[in-house]
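> Fold the following, please.
(one chain, ligands or ions: 1)
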Amino acid sequence: MEVFNIIDLEIHGDNRGSLISVESFTEYCPFEIKRVYYIFDTKCDVVRGEHAHRNLKQLVICISGNCDFILDNGVEREIIKLNTPSKAILIKDMVWREMTSFSDNCVLMVIASDFYNTNDYIYDYGEYLREVKKLKGEKV
Ligand code: TYD
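Here you go, the predicted model:
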C-alpha cells in the first residue's frame, strides 16, 4: 500500500542500553514535528482510532509492549504488528486507521505534523470512502 511506510529506526546502543532519536525533516520523518501524544492503559479488546485525517502526517512507534495497527486506503486493509520501539509506521494523509490488541504494557507514541484539530478528522467510514473516491475523480 502506498499510503504508509514501515521504517527501521536507527538504534544507538552501547553497553548501557539503547536510544532512538526522531528529528523533523528526515527521511523517516519528512515533516516538522508539531505534536507528540501517546496512548497507554488501553484494554486489549478495545478498538481505538477509527478515523482518517484529511491533512496530517504521522509517525507511529510502539515504544513499549505491542499492538495491532490497521491501515486502510479505502480499497485494501493491512494489519501491522507493532512490537518493537525500533519500528515506525509513517502514515500519509487520508488513511483510515484502527488500533487494537493492546498488550497490558503497551505505549503507542504518535508524532504528528500538526496541532490537534478536530476539523481535520473523518470519523465516519462511509464519508471516508466518499472523500477517497472524490480525490480519485471517481463518481460518488
Ligand atoms: P481520540 O481521538 O478518541 O483517540 P484515538 O484516536 O486513539 O481513539 O482521543 C481521545 C481524547 O483525547 C479525546 O478526548 C480527544 C483528546 N485528544 C487531544 O486532546 N489531543 C490530541 O492530540 C489527541 C490525539 C486527542
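> low-scoring pLDDT stretches of the protein, where are they?
Along the chain, the model assigns pLDDT under 70 to no residue.
> May I see the buried residues of the helix or strand that Glu78 is a member of?
According to DSSP states H and E, Glu78 maps onto strand 77-82. Buried residues in strand 77-82, defined by neighbour count with 16 or more other Cβ atoms under 10 Å: 80, 82. No exception for glycine: its C-beta is placed from N, CA and C like everyone else's.
> partner strands of that strand, parallel or antiparallel?
Here strand 77-82 has these sheet partners by DSSP bridges: strand 67-72 (antiparallel).
> Tell me how far Val60 lies from Lys139.
Counting by Cβ to Cβ, to the nearest Å, the separation of Val60 from Lys139 is 33 Å.
> The two: who's more crowded?
Neighbour totals were compared for Val60 and Lys139, and Val60 leads with 23 against 5 (other Cβ atoms under 10 Å).
> show me the contacts for Ser18.
By Cβ atoms under 8 Å, 6 or more residues apart in numbering, the residues touching Ser18 are 11-12.
> What strand or helix carries it?
Per DSSP H and E, Ser18 falls inside strand 17-19.
> Equivalent analysis for Gly13, please.
Using DSSP H and E, Gly13 falls in strand 12-14.
> how about the residues of this structure near the ligand?
35, 37, 39, 48-49, 116 (Cβ under 6 Å from any ligand atom).
> Rebuild the residues you listed as a markdown table, extending it with secondary structure.
Compiled in a markdown table, the residues of the chain next to the ligand are given as follows (DSSP: H, G, I helix; E, B strand; the rest coil):
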| residue | secondary structure |
| --- | --- |
| Arg35 | strand |
| Tyr37 | strand |
| Ile39 | strand |
| Arg48 | strand |
| Gly49 | strand |
| Tyr116 | coil |
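> Just give me the closest of those residues to Thr100.
Among the residues of the chain next to the ligand, Arg48 lies closest to Thr100 (Cβ to Cβ), at 7.3 Å.
> shouldn't that closest one be in contact with Ile39?
Yes. When contacts are counted by Cβ atoms under 8 Å, Arg48 is listed as touching Ile39 (6.5 Å).
> Which parts of the chain are helices?
125-135 (DSSP state H).
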